[in-house]
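Peer 1: Structure here, sequence nowhere to be found:
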């Protein structure tokens, strides 16, 4: 997948929000972040510009400098909150969802509404850091991807 401009963000692909609110994460993100390894992932709200959500897993988040988010919210850390129930922490909201071995997650309608997502939207899978990747829904990067001359595969 492309790096749309020199020094710019790396794009793994696009994911379509399907009629049943499933999202198929691009295979390269699954490999790079070992995202399906634990059977559950954490989603957290994206930036104001990019929207959508960021994706990480306990094995990446816990030992990072952001690990305190989980230790300060043990119910989230231990998956004791309801699946898809967002918990607010310092300007962002976090939840957990199950992920299939093939990288499929299912949103519920409340999650989609909370994240301002709807069926049929394309989410751009963007490398964010070594801890998380972003599934961006809005903003200039998504516009550039729409106008990109090369191929960006949709999952």
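Peer 2: Looks like it arrived, so ask away. On a predicted model such as this, the values are computed, not experimentally measured, just so you know. Numbers count the residues shown, from 1 in each chain.

Peer 1: Do you have the strands of this structure handy? List them.
Peer 2: Assigned by DSSP state E, the chain shows strands spanning 11-16, 22-24, 40-45, 53-56, 87-89, 92-98, 104-106, 122-127, 133-136.

Peer 1: residues contacting residue 37?
Peer 2: Residue 37 makes contacts with 57, 59, as judged by CB atoms under 8 Å, 6 or more residues apart in numbering. (Glycine included, C-beta is placed from N, CA and C.)

Peer 1: returning to what we had before: got a markdown table for the strands of the chain, with mean neighbour count too?
Peer 2: Formatted as a markdown table, the strands of the chain follow (neighbours: other CB atoms under 10 Å):
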| stretch | mean neighbour count |
| --- | --- |
| strand 11-16 | 22 |
| strand 22-24 | 19 |
| strand 40-45 | 21 |
| strand 53-56 | 25 |
| strand 87-89 | 14 |
| strand 92-98 | 19 |
| strand 104-106 | 19 |
| strand 122-127 | 23 |
| strand 133-136 | 26 |
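
Peer 1: Redo those as JSON lines? Include mean pLDDT and distance to residue 113.
Peer 2: Below are those laid out as JSON lines (pLDDT from 0 to 100; distance: least, CB to CB, whole Å):
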{"stretch": "strand 11-16", "mean pLDDT": "95", "distance to residue 113": "18"}
{"stretch": "strand 22-24", "mean pLDDT": "98", "distance to residue 113": "15"}
{"stretch": "strand 40-45", "mean pLDDT": "98", "distance to residue 113": "13"}
{"stretch": "strand 53-56", "mean pLDDT": "98", "distance to residue 113": "13"}
{"stretch": "strand 87-89", "mean pLDDT": "97", "distance to residue 113": "16"}
{"stretch": "strand 92-98", "mean pLDDT": "98", "distance to residue 113": "13"}
{"stretch": "strand 104-106", "mean pLDDT": "98", "distance to residue 113": "15"}
{"stretch": "strand 122-127", "mean pLDDT": "96", "distance to residue 113": "16"}
{"stretch": "strand 133-136", "mean pLDDT": "97", "distance to residue 113": "16"}
